[in-house]
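In: Need the 3D shape of this:
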Amino acid sequence: MNLKVGDIVRFERTFTKKDVEVFTKISGDEGEHHKHPDKLGRLVVQGLLTGTLPTKVGGDYNVLARTMNFEFLRPVFTGDRIHCEVMIEKLEKKDKHKVSILANFACKNEKEKQVLTGYFAGVILTGD
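Out: Just a heads-up that it's a prediction; the model follows:
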């Protein structure tokens, strides 16, 4: 495992109309704002689809999440480029195969406006 306390993991993503359409089918979140574009031709991205951004860290580092907390601050629209920063707050070896993790995250749009903040806690399976 190559994470340490204080590390910041950064990445970005632009959600597409197809992303929203697929998530609408999977989640059943069929609000009109997810199905009908605004005056600029954009759809509103579901909050939980936006919430998948920090879960990328989970996939990259084999984290089994136990707790996730989200604060949705602004809507995200298709075509918005979202930058996400995840900061590792705590790592604690639990046993030979597990390390507990606590991290916070902040996601901003290309206008540098925060759209999502929160934290997650879980366990990293080290395989050692």
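In: drop to CA atoms for contacts and neighbour counts, all remaining ones
Out: OK.
In: Run through who's touching stretch 23-36.
Out: Val20, Glu21, Leu43, Val44, Val45, Gln46, Leu49 (CA atoms under 8 Å, 6 or more residues apart in numbering).
In: buried subset of those?
Out: Among the contacts of stretch 23-36, the ones that count as buried by 16 or more other CA atoms under 10 Å are Val20, Glu21, Leu43, Val44, Val45, Gln46.
In: which ones are touching the first one?
Out: Listed by CA under 8 Å, 6+ apart, the contact partners of Val20 are His34, Leu43, Val44, Val45, Gln46, Leu49, Thr78.
In: That one: helix or strand, and which one exactly?
Out: Val20 belongs to helix 17-27 when assigned by DSSP states H and E.
In: Mind checking what secondary structure Leu49 has?
Out: helix (DSSP: H, G, I helix; E, B strand; the rest coil).
In: list the contacts for it?
Out: Val20, Phe23.
In: and the gap between it and Leu125?
Out: Using CA to CA, to the nearest Å, Leu49 is found at 25 Å from Leu125.
In: Which parts of the longest strand anywhere in the chain count as buried, going by neighbours?
Out: In the chain, taking DSSP state E as the definition, the longest strand is strand 81-95. Within strand 81-95, the residues that count as buried by 16+ other CA under 10 Å are Arg81, Ile82, His83, Cys84, Glu85, Val86, Met87, Ile88, Glu89, Leu91.
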